[in-house]
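Trainee: I need the structure of the sequence given here:
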Amino acid sequence: MAAGRLSREERRKIRKKRIRKKVFGTTQVPRVAVKKSLRHIYVQVIDDTRGVTLCAKSSVSPDIVEFGKLPKTQVAALVGKKLGEEMVERGIRQAVFDRGGHKY
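Mentor: Numbering: from 1, shown residues only. Here you go, the predicted structure:
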């Protein structure tokens with residue numbers, strides 16, 4: 001790596017800080033934070049005023065793992081659907097999306 005050049009991860013962290021300045025979750029409209037690794041995806045619904053995770057789902061959750069060997073995109077869609085159902089059960093109708101420095 002050339003001197004003065006930032007790695008991909010360092011650039012992502014800079015974008016993440018810039019996004020978090022603007023995105024803030026409240027009790028009525030919490031923040032949905034997504035963390036993705038090469039193998040799994042993790043999603044949390046966070047109330048930043050209290051600093052509490054309201055609900056969370058991931059590709060390693062027991063209700064998701066039972067679907068076996070699906071492609072990662074289908075697993076991610078399933079995680080999002082299950083999280084949405086849980087949010088509706090808890091009375092959460094709106095949320096702000098924190099993409100964590102990633103494109104989407």
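Trainee: quick check: closest non-adjacent residue to Arg20.
Mentor: Closest residue to Arg20 apart from its sequence neighbours, by Cβ to Cβ, 6 or more residues apart in numbering: Asp98 at 7.0 Å. For glycine as for every other residue, the C-beta is placed from the backbone atoms N, C-alpha and C.
Trainee: quick check: Leu54 is in a strand.
Mentor: Yes - assessed by DSSP: H, G, I helix; E, B strand; the rest coil, Leu54 belongs to a strand.
Trainee: tell me what the closest residue to it other than its chain neighbours is bridged to.
Mentor: Among residues not flanking Leu54 along the chain, Val45 sits closest, at 4.5 Å (Cβ to Cβ, 6+ apart). Going by DSSP bridges, Val45 is paired in beta bridges with Val32, Cys55.
Trainee: is Val45 in contact with Val52, as I believe?
Mentor: No - with contacts counted by Cβ atoms under 8 Å, Val45 stays clear of Val52, the gap being 9.7 Å.
Trainee: of these two, which one has the most company?
Mentor: For Val45 versus Val52, neighbours defined as other Cβ atoms under 10 Å are more numerous around Val45 (22 against 12).
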